[in-house]
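Chemist: The following block contains a protein sequence and its predicted model.
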Amino acid sequence: MKLSSRIPFRLALKQTPEQRSSSIDTYQRTMLHSNLLRLVARGGPKRLMSTATKLTTVEVNDKTGIATLTMNRPPVNSQNVQLLEDLQKSITEIENNKSRGLILTSAMSNVFSAGLDIHEMYNTNEERLRIVWTELQNAWIALYGSSLPTAAAINGHAPAGGCLLATACEYRVMVPNCRIGLNETQLGIIAPKWLMSGFLNVLPKRVAERALTQGRMFTTQEAFEVGLVDEIANSKEEALEKCSAFIGSFAKVNSLARGLTKLQFRAENIKEFEKIREKDVANFIALASRPEIQKDMGIYLENLKKKGKK
Ligand SMILES: CCCCC/C=C\CCCC/C=C/C(=O)SCCNC(=O)CCNC(=O)[C@H](O)C(C)(C)COP(=O)(O)OP(=O)(O)OC[C@H]1O[C@@H](n2cnc3c(N)ncnc32)[C@H](O)[C@@H]1OP(=O)(O)O
């Protein structure tokens, strides 16, 4: 069940602030309850499985019971609507198939994900912008709000939306000589609070504020030093092993207690996000439609293409 589809937010908007807050608490309780049922159901035997959507694959290791979710949209896993929808489908599938945990990684050799597909936001209409942003929100909340242990094997660059997915996970392992960060201010745009929340979870506030205002892209080594990534691995295989070891560290912990504890830590951010998600879509449409932002996107795309040809 998708977290995003369970929120009676349109109804909540018509209520008083007190009623709204109580609806959100009801939502939280429902969310915790459904995650609880899923956790109870996860007690059964492990299964060997390999499935695919158009742009993602899921492979469950039959020995560890850990699922690896691989993004596969060449050349750079830029996040178009299809990839964002496929991510949600795969996350839901992993939550329902008794996996012990989820590792997110990329099929590309040097890119984890290049963030939102800028082509999806350039020269388009409001309806498309609404779909793009809603699916980004949905993919983020599916990963951030999962009660499963989650880890990112960051086998390449992870700017903007790539960093968003990595920081929605509980643990990050990155290969050397790549970059990760939220570079929005470098692009002249402001990332909303929910988009920063994973980042804010893992970095000291002072470091996060400076990085976000600078739009800083950390090298692997720098990211490790500030705690944005937990470990460095010499290859994708090693990154996957380290992620598996992290998930394996919960083997002797009651999975129900673990999952609910995680969700309690994240509940405040999720609640805040649910309060503003519709307004956030409207804000994004307004920002991305502005002529000067559209002009900048065109220039940015041109520069990316030129760089690619060099
Ligand atoms: C830009 C303004 C956006 C305004 C939006 C308004 C509102 C708010 C949004 C707030 C949140 C936004 C989140 C985002 O995620 S925006 C996207 C930010 N992403 C980036 O800035 C990354 C850009 N890409 C790179 O830096 C590099 O491509 C790389 C990921 C480091 C990989 O480098 P390399 O392996 O050398 O590959 P190339 O640079 O040669 O790229 C290969 C082809 O892929 C195209 N490409 C790359 N990134 C994107 C992208 N994000 N969207 C669409 N297309 C992308 C690139 O143009 C090349 O295409 P070509 O083969 O046709 O030349």
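Modeler: Alright, I've got the coordinates.

Chemist: I'd like to know how many residues surround S109.
Modeler: 10 (other C-beta atoms under 10 Å). For the C-beta atoms, the positions are set from N, CA and C on the backbone; glycine is no exception.

Chemist: Find the residue closest to it in space, skipping its chain neighbours.
Modeler: Residue nearest to S109 in three dimensions, not counting chain neighbours: G156, with 7.0 Å by C-beta to C-beta, 6 or more residues apart in numbering.

Chemist: how near is the one you found to D62?
Modeler: The spacing between G156 and D62, counted by C-beta to C-beta, to the nearest Å, is 27 Å.

Chemist: who has more neighbours, those two?
Modeler: The residue with more neighbours, out of G156 and D62, is G156; 23 against 11, by other C-beta under 10 Å.

Chemist: Go ahead and confirm the more buried one touches S106.
Modeler: Yes: contact criterion C-beta atoms under 8 Å: G156 and S106 qualify, at 6.0 Å.

Chemist: quick revisit: who are the contact partners of the residue nearest to S109?
Modeler: Taking C-beta atoms under 8 Å, 6 or more residues apart in numbering, we find G156 in contact with S106, M108, S109, N110, V111, F112, V175, C178.

Chemist: how close does the nearest residue to L143 once chain neighbours are set aside sit to N110?
Modeler: Nearest residue to L143, sequence neighbours excluded (C-beta to C-beta, 6+ apart): A168, at 4.1 Å. Going from A168 to N110 by C-beta to C-beta gives 22 Å.

Chemist: For the closest residue to the ligand within the stretch 1-150 of the chain, the count of nearby residues, please.
Modeler: Minimum separation of the stretch 1-150 of the chain from the ligand (C-beta to the nearest ligand atom) falls at G115, amounting to 2.5 Å. When neighbours are counted by other C-beta under 10 Å, G115 registers 24.

Chemist: so what's A67 bridging to?
Modeler: Taking DSSP bridges as the rule, A67 bridges to V60, L102.

Chemist: That one against K98, yeah?
Modeler: No: look at A67 against K98 with C-beta under 8 Å: they stay out of range, at 9.6 Å.

Chemist: who's more crowded, these two?
Modeler: Between A67 and K98, counted using other C-beta under 10 Å, the more crowded position is A67 (27 against 18).

Chemist: which SSE is R73 in?
Modeler: Here R73, judged by DSSP states H and E, is contained in no helix and no strand.

Chemist: contacting residues for the residue of the stretch 1-150 of the chain closest to the ligand?
Modeler: S78, Q79, P159, A160, G161, G162, C163, L164.

Chemist: Distance of the residue nearest the centre of the chain relative to the ligand?
Modeler: Nearest to the geometric centre of the chain sits L165, at 2.6 Å (C-alpha atoms, centre = their mean). Applying C-beta to the nearest ligand atom, to the nearest Å, the value for L165 to the ligand is 10 Å.

Chemist: and that residue, that one's in a strand?
Modeler: No: remark: L165 does not belong to a strand; assigned using DSSP: H, G, I helix; E, B strand; the rest coil, it is helix.

Chemist: Let me see the contact set for it.
Modeler: Contacts were defined as C-beta under 8 Å, 6+ apart; by that measure L165 touches L87, L104, F112, S113, A139, W140, L143, A152, A158.

Chemist: Turn the residues you listed into CSV, columns for secondary structure.
Modeler: Formatted as CSV, those follow (three-state DSSP):
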residue, secondary structure
L87, helix
L104, strand
F112, coil
S113, coil
A139, helix
W140, helix
L143, helix
A152, strand
A158, strand
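
Chemist: can you put the residues you listed in TSV and add distance to the ligand?
Modeler: Output for those, formatted as TSV (distance: C-beta to the nearest ligand atom, whole Å):
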residue	distance to the ligand
L87	14
L104	16
F112	9
S113	8
A139	12
W140	11
L143	15
A152	16
A158	8
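
Chemist: with these in mind, which one is nearest to R128?
Modeler: Proximity of the contacts of L165 to R128 (C-beta to C-beta) peaks at A139, which lies at 16.4 Å.

Chemist: so the closest one makes contact with L84?
Modeler: Yes: assessed by C-beta under 8 Å, A139 is found in contact with L84 at 4.4 Å.

Chemist: Just the pLDDT at the residue nearest to the centre of the chain, thanks.
Modeler: With respect to pLDDT, L165 has a value of 98.

Chemist: What of I190?
Modeler: Turning to I190, the model gives it a pLDDT of 87.

Chemist: check contacts around it.
Modeler: Residues near I190 by C-beta under 8 Å, 6+ apart: E184, L287.

Chemist: Could you do L164 as well?
Modeler: G115, L136, W140, L182, L195, G198.
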